[in-house]
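1. predicted coordinates and the sequence they were generated for:
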Amino acid sequence: MLKIIGPSISPFVVKVLAAADYKQLAYTHQDFVSTGELSQLNPGTGKIPIVISEGEVVYDSTLILRHFDQLQPSPALLSDDPAIAAQQRMLEDWSDESFYWYNQALRWCPKNEARTIAQNTHFVPKLARSPNRSCGNWSASNPRHRGWGACPTTS
Ligand SMILES: N[C@@H](CCC(=O)N[C@@H](CS)C(=O)NCC(=O)O)C(=O)O
């Protein structure tokens, strides 16, 4: 059984969960992961999602989806046609890199932040919710949080 690790507030975790559902793979989902556990499981990038598959730790949503295709080829996530599959990979990579900041900016803009906080903190005590808010705002405005992609303003 696969174990998918990472909170479903992350679009990359949502992507991995959707792919596992599409392929009807059996999995458990661990939403919360401590920073200690994260750096142990994924010292390379320290990012989620992470998948544990038969003792092997796989990280990066793109590599995880490829791993799923190896585990269970049908239904395939990529075309049989290598030229189309190459375009699909580029499209996936482009959307991963391009839309993340729009996702963050929209979630943490003043109009949506209360809803985002509610979605993201339902499992933590009320007192712990305001640091989470600053964390989200930092995440939305700090390009280093995820690389040097385009980072639209949240205001
Ligand atoms: N390329 C990675 C990106 C994953 C990613 O950026 N995850 C974010 C959460 S949405 C993260 O873990 N950020 C923590 C950090 O950068 O320290 C993937 O596709 O899995």
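-> It's in. Numbers count the residues shown, from 1 in each chain.

2. and I50, what does it touch?
-> By Cβ atoms under 8 Å, 6 or more residues apart in numbering, the contact set of I50 is I4, I5, G6, V33, L38, L41, N42, V57, V58, Y59. For every residue, glycine as well, the C-beta is placed using N, CA and C.

3. how far away is the fifth one from the ligand?
-> Translated: L38. From L38 over to the ligand the distance is 8 Å, taken as Cβ to the nearest ligand atom, to the nearest Å.

4. not counting sequence-adjacent ones, nearest residue to the spatially most central residue of the chain?
-> For the chain, the residue nearest the mean C-alpha position is F12 (2.1 Å; Cα atoms, centre = their mean). In this structure, F12 finds its nearest non-sequential neighbour in S61, 4.2 Å apart by Cβ to Cβ, 6 or more residues apart in numbering.

5. isn't the one you found right up against V14?
-> No: contact criterion Cβ atoms under 8 Å: S61 and V14 do not qualify, at 9.3 Å.

6. more neighbours, these two?
-> It is S61, of S61 and V14, that has more neighbours when counted by other Cβ atoms under 10 Å, with 24 against 16.

7. related to what we said a few turns ago, quick one: the residue nearest to the centre of the chain and G6 touch, right?
-> Yes: counting by Cβ under 8 Å, F12 touches G6, with 7.3 Å between them.

8. which bits of the chain sit near the ligand?
-> S10, F12, G46, K47, I48, P49, D60, S61, T62, D96, H145, R146 (Cβ under 6 Å from any ligand atom).
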